[in-house]
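Chemist: dropping a prediction and its sequence here:
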Amino acid sequence: MNMPPRYQDAKWENLSEPLRKTIIETKKDGLVGIMFTGNPGVGKTYTAYALCSRIEEKLNIGVFCVNATSDLLALASGATFRGGYDTDERDFYERFEAHRGAFFVDDLSADLECTEVEKRILYGLVNKCYENEQYLVVTTNNTIEELRQSFGNKFISRLLGCCGVLELQGDDNRLKNHE
Ligand SMILES: Nc1ncnc2c1ncn2[C@@H]1O[C@H](COP(=O)(O)OP(=O)(O)O)[C@@H](O)[C@H]1O
Ligand SMILES: [Mg+2]
């Protein structure tokens, strides 16, 4: 798993005991993953990386990380505007298709205007996790209803078929240096 420097210390042991307990309770046995919701800066991405590092270390499952607001959209724009993927994008797409481990989709956003291709890529990813029972970790600032408006019922049905939903609360951590 490729972790950005800011989240290098995102480890399961660094989460609070109550949060770890809630995460375990939210990911019920019938589900294959968990989605963290909440306002910007509450720690969704940090918590998700901490869970992903546990998935790799404890379950020995490789995690494929994608940022839904950049990686997938770059791939989709290559498909849409350049008439094909360049080598790196094709490589990314082939790795994504072939990956049998867990997926981490960071920052799923209903606020961007996704093209049909972009929506289909995201749908394909969630559907793949649902059908193959692959572990799926998602973060979003949006509510389920906002996501439903953008991505539609079929997408939300599969997303909730995969993931328990845990809303993280608190202050925006990024603003603490401004107090
Ligand atoms: N439990 C935590 N322990 C240490 N730092 C944290 C924790 N949760 C969040 N942070 C830090 O707070 C900042 C915002 O967290 P982040 O997960 O990026 O927020 P979100 O994804 O909800 O917008 C980041 O710099 C992150 O490293
Ligand atoms: Mg985030």
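Modeler: Cool, the structure landed. Ligands and ions are numbered 1, 2, ... in the order given.

Chemist: need the residues of this protein near ligand 2, please.
Modeler: Contact residues (CB under 5 Å from the ion) of the chain with ligand 2: 44-45. C-beta: built from backbone N, CA, C; applies to glycine.

Chemist: pick out the least confidently modelled helix or strand of the chain, by mean pLDDT.
Modeler: Of all helical and strand segments in the chain, the minimum by mean pLDDT, DSSP states H and E falls on helix 71-81, at a mean of 56.

Chemist: my guess is L175 contacts G41, does it?
Modeler: Yes: between L175 and G41 there is a contact at 6.5 Å, judged by CB atoms under 8 Å.

Chemist: pretty sure V105 sits in a strand.
Modeler: Yes: checked against DSSP: H, G, I helix; E, B strand; the rest coil, V105 lies within a strand.

Chemist: just the CA coordinates for whatever helix or strand P18 lives in, please, in CSV.
Modeler: Following DSSP states H and E, one finds P18 within helix 17-26. Provided in CSV are the C-alpha atoms of helix 17-26 (Å, rounded to 0.1, in the frame of the first residue of the first chain):
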residue,chain,number,x,y,z
GLU,A,17,-9.9,2.2,21.9
PRO,A,18,-13.6,3.3,21.5
LEU,A,19,-13.0,4.1,17.8
ARG,A,20,-11.5,0.7,17.2
LYS,A,21,-14.4,-1.0,18.9
THR,A,22,-16.9,1.0,16.9
ILE,A,23,-15.1,0.2,13.6
ILE,A,24,-15.2,-3.5,14.4
GLU,A,25,-19.0,-3.3,15.3
THR,A,26,-19.8,-1.4,12.2
